[in-house]
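[1] what's the 3D shape of this:
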Amino acid sequence: MLARNARTFLSSDFSQGSTSIFAPAGTPAHSIFSLSMLVLGITFAIFLIVAGLLLYAIVRYRHRASDADASQEPPQIYGSNQIELSWTVIPILIVVLLFLATTRIILSTQNAPKPAAALDVTVVGHQFWWEFSYPKLGIVTANELHIPVSDPKHPTPTYLTMTSADTDHSFWVPRLAGKMDLIPNQINTMWLDPQAAGLYLGQCAQYCGVEHAKMLIRVYADSPADFAAWVARQQKPAVNSDDPTAAGRAIFQHSVCISCHTVAGTVATGRFGPDLTHLASRDTIASGSVPNTPANLRAFVDNPAHFKPGALMPAMHLNQHDLDAVTAYLATLK
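    Predicted coordinates for the structure are as follows:
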């Protein structure tokens with residue numbers, strides 16, 4: 001049942017958030033779209049010319065009853081300098097054109113000036129999830145990236161500083177920008193400027209292990225007011241010492257959970273796994289694989305491999321009482 005619900009969620013989610021490069025919603029994506037149209041146009045013209053010449057040759061030189069004895073060798077033609085020059089020079093010119101067009105797009109994207117109002121986000125790829133931190137805002141979250149919509153008249157792009165904690169990953173949200181590799185011990189940068197509010201989907205585009213296909217990305221482009229409200233919620237402490245889930249919090253803090261996860265304001269300061277400070281405010285768990293519901297959260301805490309076979313988080317196998325208590329506690333972390 002849980003697996004079926006997850007598949008239904010993913011199907012409906014991707015139907016709402018297209019991952020097609022042919023529906024660009026950001027400046028880099030628009031540039032990539034224009035380049036793609038140029039390449040497709042040139043290659044389609046080449047296809048039409050080659051297919052047309054081939055069809056002409058098939059029809060024009062087909063065998064006829066009036067032809068001479070087929071056993072005789074046909075007249076031999078020893079080349080044409082004009083034709084040979086054409087099929088050498090024209091492809092070179094096409095390659096040069098595509099090279100210059102691609103270089104222009106790359107340079108214009110990479111060398112775009114960074115506005116003073118730009119938002120800075122640090123992205124770290126892990127097996128198999130994404131860590132997003134906002135150094136100027138004091139926020140750390142996972143898998144769901146919230147950024148403001150950028151008004152072309154007053155650009156407020158989001159600049160991503162990217163690296164990897166383990167192996168190679170690649171950040172790709174097709175409707176917003178091209179893909180960028182995340183490589184251990186190397187810093188790469190890219191920027192996003194969504195021009196309409198909404199959910200933009202992507203995923204890791206570099207094979208990084210058994211759960212690569214479920215290392216998904218969710219980018220929420222919020223209006224300035226919605227983004228400010230999200231920031232305010234994320235900056236608030238998620239811990240209430242008087243809440244009725246104190247038993248669950250105690251179990252969480254006395255288990256191995258705190259070795260891998262952080263919950264701000266508690267003794268949980270692990271950095272190996274996702275920050276759980278505002279876990280309940282996220283729409284999904286398991287790096288965007290399944291909706292964040294109490295049932296799914298409980299199943300994931302009990303045995304992550306239920307949703308993500310090969311996930312690095314071990315199965316907790318708590319007793320039923322402790323599992324219910326910890327799940328109730330995590331559901332309060334908003």
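[2] can you pull the contacts of Ser133?
    Under the criterion of Cβ atoms under 8 Å, 6 or more residues apart in numbering, the contact list for Ser133 reads Val121, Thr122, Val124, Ile139, Val140, Thr141. Heads up, the C-betas are built off the backbone N, CA and C, glycines and all.
[3] if you set the cut-off to 10 Å instead, what comes out?
    Asp120, Val121, Thr122, Val123, Val124, Ile139, Val140, Thr141, Ala142, Thr161, Asp275 (Cβ atoms under 10 Å, 6 or more residues apart in numbering).
[4] which residue ranges form the strands in the stretch 201-334 of the chain?
    Listed from the start of the chain, the stretch 201-334 of the chain has strands (DSSP state E, counting those that start in this stretch) covering 216-222, 284-285, 290-291.
[5] quick one: strands adjacent to the longest one?
    Within its sheet, strand 216-222 is paired with strand 144-148 (parallel), strand 198-204 (antiparallel), according to DSSP bridges.
[6] got it, and the last one?
    Sheet pairing of strand 290-291 (DSSP bridges) gives strand 284-285 (antiparallel).
[7] now do the partner strand: distance to the chain's middle.
    Average the C-alpha atoms of strand 284-285, do the same for its chain, and the two points are 15 Å apart (Cα atoms, centre = their mean, to the nearest Å).
[8] same thing with stretch 141-150?
    12 Å.
[9] ends of that stretch, how far apart?
    Using Cα to Cα, to the nearest Å, the end-to-end distance of stretch 141-150 comes to 21 Å.
[10] which residues in it does the neighbour count mark as buried?
    By neighbour count, with 16 or more other Cβ atoms under 10 Å as the criterion, the buried positions of stretch 141-150 are Thr141, Ala142, Asn143, Glu144, Leu145, His146, Ile147, Pro148, Val149, Ser150.
[11] tell me which helix or strand comes right after the helix or strand bottoming out on mean pLDDT in the chain.
    Least confident helix or strand of the chain, by mean pLDDT, DSSP states H and E, is helix 2-16 with a mean of 49. In the C-terminal direction, the helix or strand that comes right after helix 2-16 (DSSP states H and E) is helix 27-60.
[12] point out the other helices and strands that that next one packs with.
    In this structure, helix 27-60 makes packing contacts with helix 81-110, strand 188-192, judged by 3 or more Cβ pairs under 10 Å, 6 or more residues apart in numbering; DSSP states H and E.
[13] the same query, at a cut-off of 6 Å, please.
    Where contact means 3 or more Cβ pairs under 6 Å, 6 or more residues apart in numbering; DSSP states H and E, helix 27-60 is packed against helix 81-110.
[14] give the next helix or strand downstream of the helix it packs on.
    Read in the C-terminal direction, the helix or strand following helix 81-110 is strand 119-126, with elements assigned using DSSP H and E.
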